[in-house]
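> Whatever this is, show me its structure:
(one chain, ligands or ions: 3)
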Amino acid sequence: MGEVAEATGYADLWASLHAIGRDAGTGGYRRFAWNAADLACREWFAAQAADRGLTVETDRNGNQWARWEPEPALVPGPEAKASGAGALAIGSHLDSVPDGGAFDGPLGVISSFAAVDLLRSRGWRPNRPVVIANFTDEEGARFGVACTGSRLMSGLLDADKARGLCDADGVRLADAMERVGLDPRAIGRDEDRLGDIAAFVELHIEQGRALDDVGAPVGVASAIWPHGRWRFDFDGEANHAGTTALEERRDPMLTYAHTVLSARKKARLGGALATFGRVRVDPNGTNAIPSRVRAWLDARAPDEAVLAAVVKDIREAAVQRARRDGTTLDVENESLTPVVEFDGVLRGRLSKALEPEFGTVPVLPTGAGHDAGILAAEVPTAMVFVRNPTGRSHTPHEHAETTDCHAGVRALAHIVADLAGGESGS
Ligand code: GLV
Ligand code: MN
Ligand code: MN
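Residues are numbered from 1 along each chain as shown. Ligands and ions are numbered 1, 2, ... in the order given. Predicted coordinates:
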């Protein structure tokens, strides 16, 4: 048995989370903001923290924080605090996309608890607080906006707008929070919490195959592509599927179908990515022409100009097609995240801390969004990726080998030991 398995009970940590929110039919996870599975994940998080003697807080925006305080003798003096010796934050999220995999999010949270165990087993103690985060609603699966917890905390998502977001059943985010005992009036930018964090390092499963291609178990992130979500409402006229002549139809499904194909083409030509992965059809009857098709475009690109141009092209193609089909189109941007370049100094520190065990680690960009990307506007942030041999993600087939997960825990322990610079070896 390796050091991580022995020091952390790593397999038990995974086993204790495994069944929460897992659909027996698909094997995928359905942990959505404030649903029963999400609440069970939050209880799991609090219990793991309590088992380790860490204090747990839920902030105004619903993010959870487990805090490992330095021993009083190691706490730096006021001068150090003034020069930025705040907490080192690690962690990730526990919510999922519909039928998500086990690793996207939970790998970062589990590895954080395991890294604390590993460091303690080596007799190491921090000289600044180390806090483990479980960010609220990273995937935006229920209310549509990704990274709600970190966006609210940093003020990037307007509190009024957030309170009014609705899920598929028309439940407002404010009401969902109230039902679980939280005060939606308190959400919004959290100066105190931001001021307490000196840096945030998020460990995450890689959502591509770049590490596998170069045979590396871990890597660090350079940048996140700009990305966003747009809601397309195609409106037409409901009518009978058996009695309405083709030339008399105003069928929004036709406009939508054409838009999906043109999104693919525009993305290919522009060097971007465009996906319609979610659609709602009204009234959704087999023998009725729909009155409305509402679909969400997820688009990402290497730079902001390309992203804007591709989305504009997709929209124009949809408008033109709508004219031909006798339908109408309304497009609403629901979120937009600019390009994120991770802090160069912090990234350099990570690479250096990993070098003794892992050699020169790969540095890679990603098209996936993360709370570390959102918080990058406020504090230095960085990311560590763990190899994903198939590159698949947002599916139950997402996978990382246990030996690589252990490597991730050791990597995080090296980083914490370096950045929260306490006593004893790492
Ligand atoms: C988060 O996983 C995203 O959609 O990028
Ligand atoms: Mn994800
Ligand atoms: Mn994630």
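
> Now do the same contact list for the residue lying closest to Cys147 once chain neighbours are set aside.
Excluding the flanking residues, the one nearest Cys147 by CB to CB, 6 or more residues apart in numbering is Ile374, at 4.8 Å. For the C-beta atoms, the positions are set from N, CA and C on the backbone; glycine is no exception. Residues in contact with Ile374 (CB atoms under 8 Å, 6 or more residues apart in numbering) are 147, 150-151, 154, 156, 337.

> Is ligand 1 within reach of the host helix or strand of Ile374?
In the assignment (DSSP states H and E), Ile374 maps to helix 371-375. No - Helix 371-375 is not in contact with ligand 1 by CB under 6 Å from any ligand atom; minimum separation 8.8 Å.

> Pairing partners for Thr58 in the sheet, please.
Gln64 (DSSP bridges).

> Tell me the confidence at it?
The per-residue pLDDT reported for Thr58 equals 97.

> Likewise for Ala82?
So, for Ala82, pLDDT stands at 40.

> now Pro72
74.

> now stretch 207-220: how far from the chain's centre is it?
Distance of stretch 207-220 from the chain centroid (CA atoms, centre = their mean, to the nearest Å) equals 19 Å.

> same check, this time on stretch 353-368
20 Å.

> cool, stretch 104-121 as well?
17 Å.

> how about the residues of this structure near ligand 1?
Residues of the chain lying near ligand 1 (CB under 6 Å from any ligand atom): 139, 146, 368-369.

> hmm, try it at 5 Å
Proximity of the chain to ligand 1, by CB under 5 Å from any ligand atom, involves residues 368-369.

> where exactly do the helices run in the stretch 51-200 of the chain?
78-82, 106-121, 148-154, 159-164, 173-179, 191-196 (DSSP state H, counting those that start in this stretch).

> Report the contact partners of Ala420.
Ala420 neighbours (CB under 8 Å, 6+ apart): 88, 126-130.

> mind running it again at 10 Å?
Going by CB atoms under 10 Å, 6 or more residues apart in numbering, Ala420 touches 68, 70, 74, 85, 87-88, 90, 119, 124-130, 198-199.

> Same check on Arg321?
Arg321 neighbours (CB under 10 Å, 6+ apart): 234, 254-259, 261-262, 327, 329.

> gap between it and Tyr256?
Distance of Arg321 to Tyr256, given as CB to CB, to the nearest Å: 9 Å.

> list the residues that contact both of the two?
Looking at what touches both Arg321 and Tyr256 (by CB under 10 Å, 6+ apart), the common residues are 234, 327, 329.

> ranking those residues by neighbours, who comes first?
Phe234 (30 neighbours; other CB atoms under 10 Å).

> which element is that residue on?
strand 227-235.

> just Asn333 next, same as before
strand 328-337.

> Only the buried residues of that strand, if you could.
Within strand 328-337, the residues scored as buried using 16 or more other CB atoms under 10 Å are 328-329, 334-335, 337.

> Redo those as CSV? Include pLDDT.
Output for those, formatted as CSV (pLDDT from 0 to 100):
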residue, pLDDT
Thr328, 98
Leu329, 98
Glu334, 95
Ser335, 95
Thr337, 96
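
> Ligand 1: which of those is nearest?
Thr337 (8.8 Å; CB to the nearest ligand atom).

> is it true that the closest one touches Ser154?
No - shown here, Thr337 and Ser154 do not form a contact pair, counting by CB atoms under 10 Å, at 11.7 Å.

> Run the angle between the helix ranked longest in the chain and strand 328-337 for me.
When the chain is parsed with DSSP state H, its longest helix is helix 304-325. For helix 304-325 against strand 328-337, the angle by axes from the mean of the first three to the mean of the last three CA atoms, to 10 degrees is 160 degrees.

> So what angle separates the directions of helix 304-325 and strand 227-235?
Going by the same axes, to 10 degrees, helix 304-325 makes 10 degrees with strand 227-235.

> Please identify the buried residues of helix 304-325?
304, 306-307, 310-311, 313-315, 317-318, 321-322, 325.
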